[in-house]
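Q: predicted model, plus sequence, below.
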Amino acid sequence: MPIRRLSELLINQIAAGEVIERPASVVKELIDNGLDAGATRIDIAVEEGGRRLIRVADNGCGIPEEELPLAVAPHATSKLCCAEDLGAIRTLGFRGEALASIASVSRLRLISRLTVGGCAAESGAVIEACGDRVTRPAPAPCSPGTVVEVRDLFFNTPVRRKSLRPAATEFGHIVELFTRIAMANPGVGFRLTHNGRAWVDLPAGQSRRQRCVQLLGWELEEALLEFESDCTRITLGSVECSSGSPHLGDGADSGPGLELWGLAGLPAIARATAKFQYLCVNGRPIRDRTLAHAVKEAYRGLIPADQQPVAVVCLEVPPGAVDVNVHPAKAEVRFHDPNRLHGLVLTAIRQRLLAADLTPSVSLAGGAGAKPRGDWPAVSPGSAPGPTAGAPSLAISTDAFVDYFRRMDPTQKGFVYQQVREALAEDSPAALLDTGGLSDAAGRSYAVSASPSPSQLPAGHEPLLPRSGSPGDSGGGSGGSASAPVLQIHNSYLVTQDEQGLIIIDQHALHERVLFEELSRRVLGRNLESQRLLTPAVVRASPQRLALLDLLKPLLERIGVEADALGPDAVAIHAFPSFLFDRRVDPVDFFESLLDLAQDSQLLSTGGGAGDSSANVDEAVLHRVLDMMACKAAVKAGDPLSPLELQSLLVLREQVERASSCPHGRPTTVRLTLQEMARRFKRT
């Protein structure tokens with residue numbers, strides 16, 4: 001077949017294959033045009049998921065009548081003048097091919113009325129395009145601005161039309177895209193209707209938080225933490241900019257500057273997918289792996305690895321610091337200095353999370369008279385509205401909760417908390433164990449089962465704090481639950497109180513977080529201390545696992561493990577971390593778990609390979625290993641704790657960062673609020 005020049009219609013239809021993927025793509029291109037025209041109000045009407053009709057009306061500056069034919073011509077635009085403009089694009093659209101591509105696969109009608117200097121033209125004009133046929137402009141009545149109607153999408157490309165999903169699915173894509181655009185442009189009013197029914201109506205002039213909360217759901221308002229960047233000057237590539245742009249989203253007028261603003265969802269509302277992460281740059285919704293990684297990294301240790309946080313990240317950067325001409329649908333961008341922005345976003349979110357109380361609240365599910373509450377404290381994680389279920393629900397059974405207390409012997413009072421607190425304050429916890437019982441204010445005596453001494457604790461269990469000191473000696477444990485009475489239930493959970501209600505703590509998860517933070521502090525900038533073994537511990541290993549030993553050398557050196565191959569099927573461990581040795585962690589069991597992680601390629605990322613220095617071990621790899629070390633060294637469910645150890649653990653909870661979750665992301669603490677208890681006991 002000879003080489004030939006393609007017809008203009010075929011060229012536009014090929015372009016439509018990239019630009020117009022589905023009805024949502026049409027909606028995006030038309031909204032972008034309205035925003036570029038300076039519109040403050042945009043109305044979108046859709047029928048049959050966009051198959052039958054897409055109508056977008058804006059109150060922007062409009063198009064002159066004589067330029068209407070150019071508007072539907074390929075590669076014709078008012079947004080670029082020369083090649084240099086591509087280096088600093090300030091508009092959402094710039095290629096001049098959207099309307100031509102849409103017209104080639106639909107029946108398009110364009111009506112516009114020009115506005116110049118606040119004065120509207122006497123009348124508007126209309127033009128119609130279908131395939132390669134374009135009518136002449138004709139006078140038409142219309143309000144100032146532009147109206148674009150797209151009917152029968154893909155009517156002349158049967159294969160593309162058959163590939164469209166059901167109307168509900170296509171409209172779902174439109175809603176998702178509409179949400180992201182509306183969230184990135186809070187100053188603009190939007191209205192979306194489907195088959196004549198109003199779906200969303202957003203007023204103009206909303207604050208960023210108001211717009212985001214309205215779109216995400218008002219029931220999540222208390223679960224969204226607002227954050228901003230606090231940098232004064234930053235250099236992105238060769239562009240120097242300052243923070244504090246006056247209005248995020250007004251990229252064309254804000255001048256050279258950088259501003260970061262966003263909302264970080266509490267870990268309790270994490271979801272199964274990243275669908276609820278909204279990223280935008282200069283008012284443009286985007287997908288970006290660098291920013292998405294920064295968001296996920298900020299939550300590391302706060303949510304399980306298989307869940308994603310809910311977050312909104314809005315960046316305003318100089319146009320010259322970002323290239324938006326890298327994706328056919330302009331859904332992705334390329335930053336000139338992505339690493340610096342990654343650090344900026346990660347730091348801003350992490351600092352905000354560390355400053356917040358991340359303890360999740362629970363509601364008692366079931367039972368007569370139970371009513372869902374609209375305020376956040378009673379919203380179970382994962383129960384927030386959305387197409388995808390979020391984190392597993394923390395709701396507990398009311399019947400089980402009540403039955404537990406019903407089964408208790410009414411004469412068995414357990415601890416008398418006031419005496420426990422006084423004994424701890426006097427640094428004499430032995431006083432609680434020397435007496436045969438405790439008495440209350442009326443003089444009635446009750447039997448008390450003494451807590452075990454260190455020699456009676458399970459093997460491998462060590463005191464949380466030195467026995468010679470009191471909880472107060474650690475410092476920083478004032479206020480909150482650290483000074484409240486505490487009760488251990490089933491040698492697994494601690495029950496205490498704070499000003500908001502009842503606190504239930506998973507002793508293993510909390511101790512694991514405490515030990516993880518201690519390990520992270522010790523390993524910072526140096527290797528962990530190690531203990532030489534009198535006799536090497538021998539681990540049996542297959543040749544495949546032995547081959548991993550050289551790759552793990554830098555990591556092993558960093559955590560204080562000295563190990564060498566011992567024959568063709570064994571590894572000899574000569575030195576072991578003192579931190580684990582003191583807590584009687586089995587070297588063989590630990591090293592086998594380490595090899596398991598390495599065999600699953602979880603410890604062989606960049607920075608941990610052969611030849612790297614121990615100082616360059618990848619942070620994520622080190623996190624996984626320290627996590628495993630803390631888990632093996634922490635107290636386990638079923639381990640009894642003395643009163644001093646219980647109080648010490650509460651003190652440590654107040655001192656460590658991210659105490660609301662273990663390094664795996666599981667919650668260490670849940671709260672049953674006073675309001676919820678009053679409601680369940682029908683006191684309100």
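A: On my side now, so go ahead.
Q: I'd guessed P543 sits against P568; true?
A: Yes. Here P543 reaches P568: they are 6.7 Å apart, a contact under Cβ atoms under 8 Å. (Each C-beta comes from the backbone N, C-alpha and C, glycine too.)
Q: shared neighbours of those two, anything?
A: By Cβ atoms under 8 Å, 6 or more residues apart in numbering, P543 and P568 have no common neighbours.
Q: next, T535: phi, psi?
A: Backbone torsions of T535, given as degrees, to the nearest 10, read phi -130, psi 130.
Q: P141 versus that one, what's the distance?
A: In this view, T535 and P141 are 95 Å apart by Cβ to Cβ, to the nearest Å.
Q: got it, and R161?
A: For R161, the distance to P141 - Cβ to Cβ - is 33 Å.
Q: where do the helices sit along the stretch 501-650 of the chain?
A: Secondary structure of the stretch 501-650 of the chain, counting by DSSP state H, counting those that start in this stretch: helices at 507-523, 543-546, 548-559, 578-581, 587-599, 619-633, 643-655.
Q: so which bits of the longest one are buried?
A: The reference is to helix 507-523. By neighbour count on 16 or more other Cβ atoms under 10 Å, the buried set for helix 507-523 is 507-520, 522-523.
Q: can you name every helix or strand that that helix contacts?
A: strand 493-498, helix 578-581, helix 619-633, helix 643-655 (3 or more Cβ pairs under 8 Å, 6 or more residues apart in numbering; DSSP states H and E).
Q: what's the closest of these to L672?
A: L672 lies closest to strand 493-498 among the helices and strands packed on helix 507-523, at 9.6 Å (Cβ to Cβ).
Q: and the closest one, which residues are buried?
A: L494, T496, Q497, D498.
Q: out of the residues you listed, which is nearest to D323?
A: Taking Cβ to Cβ as the measure, D323 lies nearest D498 of the buried residues of strand 493-498, at 50.0 Å.
Q: quick check: the closest one vs T115, distance?
A: Shown here: D498 relative to T115, a distance of 59 Å by Cβ to Cβ.
Q: ok, L566 next?
A: 83 Å.
Q: got it, and V486?
A: 69 Å.
Q: those two: who's more crowded?
A: V486 (24 against 18; other Cβ atoms under 10 Å).
Q: show the pLDDT at G196.
A: On pLDDT, G196 comes in at 94.
Q: same check on Q418?
A: 52.
Q: one more: L534?
A: What the model reports for L534 is a pLDDT of 91.
Q: same check on V134?
A: pLDDT, V134: 93.
Q: what of F579?
A: As predicted, F579 sits at a pLDDT of 90.
Q: mind checking how far it is from S520?
A: Distance of F579 to S520, computed by Cβ to Cβ: 12 Å.
Q: now do I54
A: 53 Å.
Q: which of the helices of the stretch 501-650 of the chain sits closest to A100?
A: Closest among these, using Cβ to Cβ: helix 619-633, at 46.4 Å.
Q: with just CA atoms, put that closest one into PDB.
A: C-alpha atoms of helix 619-633 as PDB (Å, rounded to 0.1, in the frame of the first residue of the first chain):
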ATOM      1  CA  GLU A 619      15.000   3.400  55.000                       C
ATOM      2  CA  ALA A 620      12.000   1.300  54.100                       C
ATOM      3  CA  VAL A 621      14.000  -1.900  54.400                       C
ATOM      4  CA  LEU A 622      15.300  -0.800  57.800                       C
ATOM      5  CA  HIS A 623      11.800   0.000  58.800                       C
ATOM      6  CA  ARG A 624      10.600  -3.500  58.000                       C
ATOM      7  CA  VAL A 625      13.400  -5.100  60.000                       C
ATOM      8  CA  LEU A 626      13.100  -2.800  63.000                       C
ATOM      9  CA  ASP A 627       9.400  -3.600  62.900                       C
ATOM     10  CA  MET A 628      10.100  -7.300  63.100                       C
ATOM     11  CA  MET A 629      12.600  -6.800  65.900                       C
ATOM     12  CA  ALA A 630      10.100  -4.800  68.000                       C
ATOM     13  CA  CYS A 631       7.400  -7.300  67.400                       C
ATOM     14  CA  LYS A 632       9.500 -10.200  68.600                       C
ATOM     15  CA  ALA A 633      10.800  -8.300  71.700                       C
END
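Q: okay, the angle between it and helix 587-599?
A: Angle of helix 619-633 versus helix 587-599, following axes from the mean of the first three to the mean of the last three Cα atoms, to 10 degrees, is 150 degrees.
Q: ok, which stretches of the stretch 151-300 of the chain are strands?
A: In the stretch 151-300 of the chain, the strands defined using DSSP state E, counting those that start in this stretch lie at 189-194, 197-202, 224-228, 233-236, 239-242, 259-265, 277-281, 284-286.
Q: pull the distance from stretch 337-355 to the chain's centre.
A: Distance of stretch 337-355 from its chain centroid, counting by Cα atoms, centre = their mean, to the nearest Å, is 12 Å.
Q: list the buried residues of that stretch.
A: 337-338, 340-342, 344-350, 352-353.
Q: what's the most buried one of the helices and strands packed on helix 507-523?
A: Mean neighbour count (mean count of other Cβ atoms under 10 Å) peaks for helix 643-655 among these, with a mean of 23.
Q: can you get me a residue count around the residue lying closest to P64 once chain neighbours are set aside?
A: Once flanking residues are discounted, P64 sits nearest to L114: 5.3 Å by Cβ to Cβ, 6 or more residues apart in numbering. Neighbour count of L114, defined by other Cβ under 10 Å: 20.
Q: D357: which of the helices and strands packed on helix 507-523 is closest?
A: So among those, strand 493-498 is nearest, using Cβ to Cβ, at 9.5 Å.
Q: before we move on, back to that, turn the helices of the stretch 501-650 of the chain into JSON lines, columns for distance to L153.
A: Formatted as JSON lines, these follow (distance: least, Cβ to Cβ, whole Å):
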{"stretch": "helix 507-523", "distance to L153": "52"}
{"stretch": "helix 543-546", "distance to L153": "55"}
{"stretch": "helix 548-559", "distance to L153": "54"}
{"stretch": "helix 578-581", "distance to L153": "63"}
{"stretch": "helix 587-599", "distance to L153": "50"}
{"stretch": "helix 619-633", "distance to L153": "45"}
{"stretch": "helix 643-655", "distance to L153": "58"}
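Q: what's the closest of the ones you listed to L177?
A: Minimum separation from L177 across the helices of the stretch 501-650 of the chain (Cβ to Cβ) falls at helix 619-633, 32.4 Å.
Q: residues making contact with that closest one?
A: Under the contact criterion Cβ under 8 Å, 6+ apart, helix 619-633 has outside partners 300-301, 512-513, 515-516, 519-520, 523, 555, 558-559, 577, 579-580, 583, 585, 589-590, 593-594, 597, 602-605, 607-608, 663-664.
Q: show the buried residues in those.
A: For the contacts of helix 619-633, a burial check counting by 16+ other Cβ under 10 Å picks out 300-301, 512-513, 515-516, 519-520, 523, 555, 558-559, 577, 579-580, 583, 585, 590, 593-594, 597, 603-604, 607-608, 663-664.
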